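>>> Pasting the sequence and the predicted model now:
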Amino acid sequence: MKSILKSLAGLALVLAWWTLRGAGDDPSQESADSIPTTVWAGGGGQLAIEADTTTAAQMRVSFSENGETGDERSLSSWEDIAAGHHSWLIDVPKGVSGYVDLGAVEPQPGDKLHWTLSVDGRMVDEQAQTLDAPLEDGWAFGIQAYFDDYASGQLGDG
C-alpha cells in the first residue's frame with residue numbers, strides 16, 4: 001500500500017508541475033502529443049518502454065537537458081492509450097533526465113498497470129500495481145520512474 005501511495009503522490013506532483021508550468025512562451029520548452037522515437041539528435045542510447053494496462057491510461061515521458069547554462073531544452077510528451085500492450089523505443093541523447101509516468105484514466109478496482117523499462121537492452125526498472133479499492137476524489141492510480149540520465153539508465157529520486 002505504501003508503494004501505491006508513493007507512486008500516486010509522485011504522479012500527482014508531476015502532473016501538477018506540468019499543469020502549472022505549461023509550455024509558456026519559452027522556446028526551450030517543447031511539448032508533443034505523442035511519444036517521440038528520437039529526442040533531439042538522439043545518439044546516447046535506446047530507451048525501451050513495454051507497458052500493459054487493463055484500463056485506458058496516459059503515458060507521459062518528459063526529457064530535460066542537464067546543465068547550468070539556463071538555455072537547456074525540455075520536452076513533455078504524452079499519449080492516450082487503450083487497455084492492452086503498448087511499446088515505445090526512444091533514441092535519447094546523453095545528459096538528459098526526466099520522468100516516465102503511466103497513469104490510469106477512470107480505473108476500477110482490479111485494474112492493473114505494469115511496465116518494464118530498458119536501456120540498450122538492459123532492464124533498469126519493472127513495476128506493477130493493482131488497484132485494490134475505488135479511488136477517493138483527488139487520487140490517481142499510476143506508476144512512475146525518474147531517470148537522472150536516460151542514456152546510462154541511471155534512475156534517481158527526481
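Good, I have the coordinates. Residues are numbered from 1 along each chain as shown.

>>> Going by C-alpha atoms from here, please, whenever you check contacts or count neighbours.
Noted.

>>> Quick check: the residue positioned nearest the centre of the chain vs Ser34, distance?
Residue closest to the average C-alpha location in the chain (CA atoms, centre = their mean): Val100, at 1.6 Å. Going from Val100 to Ser34 by CA to CA, to the nearest Å gives 13 Å.

>>> quick one, what contacts the residue located most distally from the centre of the chain?
In the chain, Thr69 marks the outermost C-alpha relative to the chain mean, sitting 25.1 Å out by CA atoms, centre = their mean. Applying CA atoms under 8 Å, 6 or more residues apart in numbering to Thr69 gives no contacts.

>>> wait, is it part of a helix?
No. Counting by DSSP: H, G, I helix; E, B strand; the rest coil, Thr69 is not found in a helix; it is coil.

>>> Roughly how far does Ile49 sit from Leu102?
From Ile49 over to Leu102 the distance is 11 Å, taken as CA to CA.

>>> can you check Gln154 too?
For Gln154, the distance to Leu102 (CA to CA) stands at 19 Å.

>>> of those two, who's got more company?
Between Gln154 and Leu102, counting by other CA atoms under 10 Å, Leu102 is the more crowded of the two (27 against 13).
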